[in-house]
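J.: Structure here, sequence nowhere to be found:
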């Protein structure tokens, strides 16, 4: 039995099973990595076995599995194939050390600061000196300086010290200390926006991370550091194909490697000897991907046959997705033009600020309605008791206030109005009769509107334009009330009459 996998789990389980059986069972338990040379028939000639059949016999103590050769005396083999290989020369050791996997390390605070400044300034990373301060880099542009400090505070929080703009970038990084090692609240949206606006469809951030892991051997922390470099190398326009995106990603990866001093090795590299002797034939990830694709293609063919038999159109969703993709590309193109015209600052500033969780609902209208009604009645009493009569119609005939009370009508308001009317009728002052009529009108209107939903009524006076030209040629424009149309309902009726009589209605906007 040959187990293919990262570790010999099944081999261990099979060995334990053979230990507990009543009779010894002949079986060959091999693992593709642990017994690599045996599986591929690459053992040295001095240790080649005449017969590859090995007996796995349960020991009497049940603690060790012995490997016996069927035609020769017992030969105990080292479970680690690397130990059976001849000693390596110093040159071979140097090569292996050079091809060691890349250690996953978090990005430094200085790298984040340099990337943010270079991105905002639209400069390469090499043009930003760590000995310069933000104040010297912005060259007196206070708005740009405040924007940089705001982005740094968004990224690092309250770790940004006072007078940060006067420190050198190296001193600022030391003052901030350490970071979480991953993209923060400022850099993460920038990277996401870059992939959404500049990468072709299907070339997503998750796919890019998989590519960096498989082809370049970069872990999640180094991937974040590479994305910082990518921000400073953002394409000027959207890349149209995945080939262009892959070429751009390779350029970014090489630039990052040159900055941090690393070299890439293939993720599926072999560990054979020098001089072509003992070369290990390994299956690369690309070959494994091809095999997997063949399997998927075979499964898809079976699905298509079943779909045709069932009368199901498998391409219906694809066509809809293509249409949505076309519409999305057009909308994204329009958005890119707007963003290029107005800038990132404007686009960020017009984002909605409303949060439904912060909404407050005020339901004290019932109390304000009683207060408004009581205040209106007191104003009407004071006006009727005074000698002046010029403004009485304002307090006694106000449709806007009546409509507002109707929208807030409730049983408590009706009790207030009915009680006030009873008190006013007991008074012997004849001047309060208009006030009693006002209270009765309000009570009747609110009683009719009780239980109805609030509505909006346009109660303003319709106006019409009036232009006057003086003898000197001066033109003056005013708006006056429309004749015989005191309300908008009368205005609409007049328009309808004009339309019925084949006349062109006079509309003032």
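T.: That came through fine. Nothing here was measured: the structure is a model prediction, and the numbers come from that model. Residues are numbered from 1 along each chain as shown.
J.: At which residues are the strands of the protein located?
T.: 2-3, 30-31, 54-58, 65-69, 463-469, 475-481 (DSSP state E).
J.: Quick check: closest non-adjacent residue to residue 124.
T.: residue 232 (6.2 Å; Cβ to Cβ, 6 or more residues apart in numbering). C-beta here means a position set from N, CA and C on the backbone, and glycine is covered the same way.
J.: got a list of what that neighbour touches?
T.: 115, 118, 119, 123, 124, 125 (Cβ atoms under 8 Å, 6 or more residues apart in numbering).
J.: Give the PyMOL command for selecting the buried subset of these.
T.: Of those, the buried ones go into a single PyMOL selection, burial set by 16 or more other Cβ atoms under 10 Å:
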select buried, resi 115+118+119+125
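J.: quick check, nearest of the contacts of residue 232 to residue 256?
T.: residue 125 (9.9 Å; Cβ to Cβ).
J.: Look up how far residue 240 lies from the residue in the chain sticking out farthest from the centre.
T.: The centre of the chain is farthest from one residue, residue 428, which by Cα atoms, centre = their mean lies 73.7 Å away. Distance of residue 428 to residue 240, given as Cβ to Cβ, to the nearest Å: 92 Å.
J.: pLDDT below threshold where in the stretch 151-300 of the chain?
T.: 266-288 (pLDDT under 70).
J.: Which stretches in it count as helices?
T.: Secondary structure of the stretch 151-300 of the chain by DSSP state H, counting those that start in this stretch: the helices cover 169-176, 187-198, 205-215, 220-232, 242-260, 285-310.
J.: Equivalent analysis for the stretch 1-150 of the chain, please.
T.: Using DSSP H, counting those that start in this stretch, helices in the stretch 1-150 of the chain cover 9-20, 36-39, 90-98, 109-121, 134-138, 142-156.
J.: I'd assumed residue 211 was in contact with residue 223.
T.: No: at 9.8 Å, residue 223 and residue 211 do not qualify as touching, with contact defined as Cβ atoms under 8 Å.
J.: So between these two, which is more surrounded?
T.: residue 223 (23 against 18; other Cβ atoms under 10 Å).
J.: With adjacent residues omitted, what lies nearest to that one?
T.: residue 212 (5.0 Å).
J.: If you tally nearby residues, what's the number for the one you found?
T.: Neighbours of residue 212 under the rule other Cβ under 10 Å: 22.
J.: ok, now which ones touch it?
T.: Contacts of residue 212 (Cβ under 8 Å, 6+ apart): 218, 222, 223, 226, 249, 253.
J.: Repeat the analysis, applying 10 Å as the threshold.
T.: 218, 219, 220, 222, 223, 226, 227, 249, 252, 253, 256, 264 (Cβ atoms under 10 Å, 6 or more residues apart in numbering).
J.: Can you flag the buried ones in those?
T.: 218, 219, 222, 223, 226, 227, 249, 252, 253, 256.
J.: Residues contacting stretch 428-436, please?
T.: 376-386, 392-393, 395-397, 420-425, 427, 438-439.
J.: What's the PyMOL line that selects buried ones from those residues?
T.: To isolate the buried members of the contacts of stretch 428-436 in PyMOL, using 16+ other Cβ under 10 Å:
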select buried, resi 376+377+380+381+383+384+395+396+420+421+424+438+439
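J.: Show me the contacts of stretch 428-436 that map onto helices.
T.: 376-385, 392-393, 395-396, 420-425, 438-439 (DSSP state H).
J.: any idea how far residue 120 is from residue 232?
T.: 10 Å.
J.: which one of the contacts of residue 232 is nearest residue 416?
T.: Of the contacts of residue 232, the one sitting nearest to residue 416 (Cβ to Cβ) turns out to be residue 119, at 64.8 Å.
J.: about what we covered before: give me the distance between the residue farthest from the centre of the chain and residue 417.
T.: Using Cβ to Cβ, we find residue 428 at a distance of 21 Å from residue 417.
J.: these two touch, right, residue 397 and residue 438?
T.: Yes: under the criterion of Cβ atoms under 10 Å, residue 397 makes contact with residue 438 at 8.7 Å.
J.: can you list the weak-confidence ranges in the protein?
T.: 6-7, 21-26, 43-100, 266-288, 387-396, 498-509.
J.: Could you dump the helices of the stretch 1-150 of the chain into CSV with distance to residue 204 added?
T.: Listed next are these as CSV, based on distance: least, Cβ to Cβ, whole Å:
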stretch, distance to residue 204
helix 9-20, 33
helix 36-39, 36
helix 90-98, 33
helix 109-121, 21
helix 134-138, 33
helix 142-156, 23
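J.: which of the ones you listed sits most buried?
T.: helix 109-121 (a mean of 21; mean count of other Cβ atoms under 10 Å).
J.: If I take that one and helix 220-232, what angle do their directions form?
T.: 30 degrees (axes from the mean of the first three to the mean of the last three Cα atoms, to 10 degrees).
J.: Distance-wise, check residue 251 relative to residue 309.
T.: For residue 251, the distance to residue 309 equals 49 Å [Cβ to Cβ].
J.: neighbour-wise, which of these two wins?
T.: Remark: of residue 251 and residue 309, residue 251 carries more neighbours, 13 against 8, as counted by other Cβ under 10 Å.
J.: can you count the residues close to the closest residue to the more buried one other than its chain neighbours?
T.: Leaving aside its chain neighbours, residue 251 sits nearest to residue 233 (7.1 Å; criterion: Cβ to Cβ, 6+ apart). The number of residues packed near residue 233 is 17, by other Cβ under 10 Å.
J.: tally of neighbours for the residue nearest to residue 454 when sequence neighbours are not counted?
T.: Computed as Cβ to Cβ, 6+ apart, the closest residue to residue 454 that is not its neighbour in sequence is residue 407, at 3.8 Å. Neighbours of residue 407 under the rule other Cβ under 10 Å: 17.
J.: can I assume residue 407 is in contact with residue 413?
T.: No: between residue 407 and residue 413 there is no contact under Cβ under 10 Å: 11.1 Å.
J.: so what sits against both of those two?
T.: Between them, residue 407 and residue 413 have 369, 446 as joint contacts when contacts are counted by Cβ under 10 Å, 6+ apart.
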